[in-house]
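K.L.:
with the input below, show me the fold.
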Amino acid sequence: MTQRPDLDQLSADQLRALATELFDRVETKDRALVRSNVIIEKLTHEVAILKRHKFARRSEQLDAVQGKLLDELIDSDLAAIEAELEQAMTEEQKAARPKQKPKRTPLPPELPRTPIHHEPENTQCQCGCQLQRIGEDVSEKLDYVPGEFTVERHIRGKWACDSCETLIQAPVPPQVIDKGIPTAGLLAQVLVAKYADHLPLYRQERIFGRAGLEIPRSTLAEWVGACGVQLQPLVDALRNALLEHCVLHADETPVSMLAPGKKKTHKAYVWAYCTTPFSDLKATVYDFAPSRAGEHARTFLGDWQGKLVCDDYAGYKAGFGNGITEIGCMAHARRKFYDLHEANKSELAAKALEYIGGLYEIERDTKDLPPDKRLEIRQAKARPIADALHQWMLAHRQKVPDGSGTAKA
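P.N.:
Numbers count the residues shown, from 1 in each chain. Sure, this is the predicted structure:
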């Protein structure tokens, strides 16, 4: 331990040197303390985010009402209780109850109707006269028949000439899979069930099995692969139509892919490209790639030069030097402030969320308006909020230490 010097024995120059040394030590310790506080804040922020992602709700809406997990069960139980009470009531009690006309949506007129007539067994009046039909009451019930399989028998007649021995026969109709048993309708059902209803092929195999059809999932997989080849021209045409738009959205989502010949999965990606919500063409093209390399985006976009709405992923950066204009995603920017707000109730984060919430409110109010009117309102209402947010960020960025969660936001 260093012995404290006797200040009374030191000269003026020695006192100045000692004071300078002490100031340097304090400044060094202050810098170390600030750096430690930044690291502590950063780690605390990351731990809070991890806890929220693991244990709390993932929605980023503020003041949202938490959905109830058992709503459907509660509704079912209430309906069952009401049905039991209805059965227990006497006729007088039922008659005394106020009649409520049910508010039901009319059944779609394009659905096929099966008329079922209900007539009395005897149309002879008790007085001996014949009853006359004067009208009818009609009520409709919605019925459902589980998926029904049918078989198409294609019979191609053979025609021959006895004189010249000529044989003619109608050609085989073109099929998606030559010499295969599925029709286009069955193939469409398999694809829709797999990709739209998220029914894996092994579940579809079981569904077919309950109908008495033994179609192994390997065969279903072959059907899906063959359909992919046949549909590729349609995908190419949709991609070309998509790239005719000057504004596109892009994002990539990780998926687990089983590597061929290996018993473990690795992370692949599905890249999604879509038009804006305001475009006449509502289209999305998914491009599967075995990695997240930016070359996949550059290959898909080709020589397209427009405005690309995306996150801050570096894989898109190379395209921005080739004529593509970057449009930042406000949702990704907002998420940083939302995480700060959830982690430590940061007042700065709350203020930023308030600004961004004002922009979101304007977008909600103008989403159904024509482009010129939407632009007019954005210039009049959204631009002042965006400018105020920008100036507010510039002012407060100088007040927060580098490397902190607030600085990154």
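K.L.:
roughly how far apart are residue 23 and residue 36?
P.N.:
20 Å (Cβ to Cβ, to the nearest Å). Where C-beta positions appear, they are placed from N, C-alpha and C, glycine not excepted.
K.L.:
and residue 27, what does it touch?
P.N.:
Residue 27 makes contact with no residue under the criterion Cβ atoms under 8 Å, 6 or more residues apart in numbering.
K.L.:
can you confirm residue 386 is in a strand?
P.N.:
No - counting by DSSP: H, G, I helix; E, B strand; the rest coil, residue 386 falls outside a strand, being helix.
K.L.:
and it, how many residues sit next to it?
P.N.:
Using other Cβ atoms under 10 Å, residue 386 has 16 other residues around it.
K.L.:
now for this protein, the helix or strand with the poorest mean pLDDT.
P.N.:
In the chain, the helix or strand scored least confidently by mean pLDDT, DSSP states H and E is helix 71-88, which has a mean of 64.
K.L.:
got the phi/psi numbers for the nearest residue to residue 278 once chain neighbours are set aside?
P.N.:
Computed as Cβ to Cβ, 6 or more residues apart in numbering, the closest residue to residue 278 that is not its neighbour in sequence is residue 371, at 6.7 Å. Main-chain torsions, residue 371, degrees, to the nearest 10: phi -60, psi -40.
K.L.:
what's the neighbour count on residue 371?
P.N.:
Neighbours of residue 371 (other Cβ under 10 Å): 9.
K.L.:
quick one: it from residue 29, how far?
P.N.:
Counting by Cβ to Cβ, the gap from residue 371 to residue 29 is 59 Å.
K.L.:
and stretch 214-232, what's buried?
P.N.:
Buried residues in stretch 214-232, counted by 16 or more other Cβ atoms under 10 Å: 215, 217, 220, 223, 224, 226, 227.
K.L.:
now secondary structure and pLDDT too, for those residues, in JSON lines please.
P.N.:
JSON lines is the format used below for these (DSSP: H, G, I helix; E, B strand; the rest coil; pLDDT from 0 to 100):
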{"residue": "215", "secondary structure": "coil", "pLDDT": "90"}
{"residue": "217", "secondary structure": "helix", "pLDDT": "89"}
{"residue": "220", "secondary structure": "helix", "pLDDT": "92"}
{"residue": "223", "secondary structure": "helix", "pLDDT": "92"}
{"residue": "224", "secondary structure": "helix", "pLDDT": "92"}
{"residue": "226", "secondary structure": "helix", "pLDDT": "91"}
{"residue": "227", "secondary structure": "helix", "pLDDT": "92"}
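K.L.:
okay if I get those as a markdown table plus distance to residue 330?
P.N.:
Listed next are the buried residues of stretch 214-232 as a markdown table, based on distance: Cβ to Cβ, whole Å:
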| residue | distance to residue 330 |
| --- | --- |
| 215 | 48 |
| 217 | 43 |
| 220 | 42 |
| 223 | 42 |
| 224 | 38 |
| 226 | 42 |
| 227 | 38 |
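K.L.:
which single one of those is nearest to residue 110?
P.N.:
residue 227 (27.1 Å; Cβ to Cβ).
K.L.:
skipping adjacent residues, who's closest to the closest one in space?
P.N.:
In space, and not counting its chain neighbours, residue 227 is closest to residue 187: 5.5 Å by Cβ to Cβ, 6+ apart.
K.L.:
just the element for that neighbour, please.
P.N.:
Applying DSSP states H and E as the criterion places residue 187 in helix 184-191.
K.L.:
helix or strand right after that helix?
P.N.:
Downstream of helix 184-191, the first helix or strand assigned by DSSP H and E is helix 201-210.
K.L.:
list the buried ones in that following helix?
P.N.:
In helix 201-210, counting by 16+ other Cβ under 10 Å, buried: 201, 204, 205, 208.
K.L.:
what's the pLDDT at the last one?
P.N.:
Think residue 208. The score at residue 208 is 90. That number is its pLDDT.
K.L.:
that one and residue 215 touch, don't they?
P.N.:
Yes - contact criterion Cβ atoms under 8 Å: residue 208 and residue 215 qualify, at 4.9 Å.
K.L.:
give me the common contacts of those two.
P.N.:
Residues touching both residue 208 and residue 215 (Cβ under 8 Å, 6+ apart): none.
K.L.:
residue 172 sits in which helix or strand?
P.N.:
Using DSSP H and E, residue 172 falls within no helix or strand.
K.L.:
let me see the contact set for it.
P.N.:
Residue 172 neighbours (Cβ under 8 Å, 6+ apart): 154, 156.
K.L.:
how close does it sit to residue 184?
P.N.:
Look at residue 172 and residue 184: by Cβ to Cβ, they are 15 Å apart.
K.L.:
what about the closest residue to residue 216 other than its chain neighbours, distance to residue 152?
P.N.:
Once flanking residues are discounted, residue 216 sits nearest to residue 205: 6.4 Å by Cβ to Cβ, 6+ apart. According to Cβ to Cβ, residue 205 and residue 152 sit 22 Å apart.
K.L.:
same thing with residue 393?
P.N.:
Plainly put, residue 393 is 66 Å away from residue 152 if you go by Cβ to Cβ.
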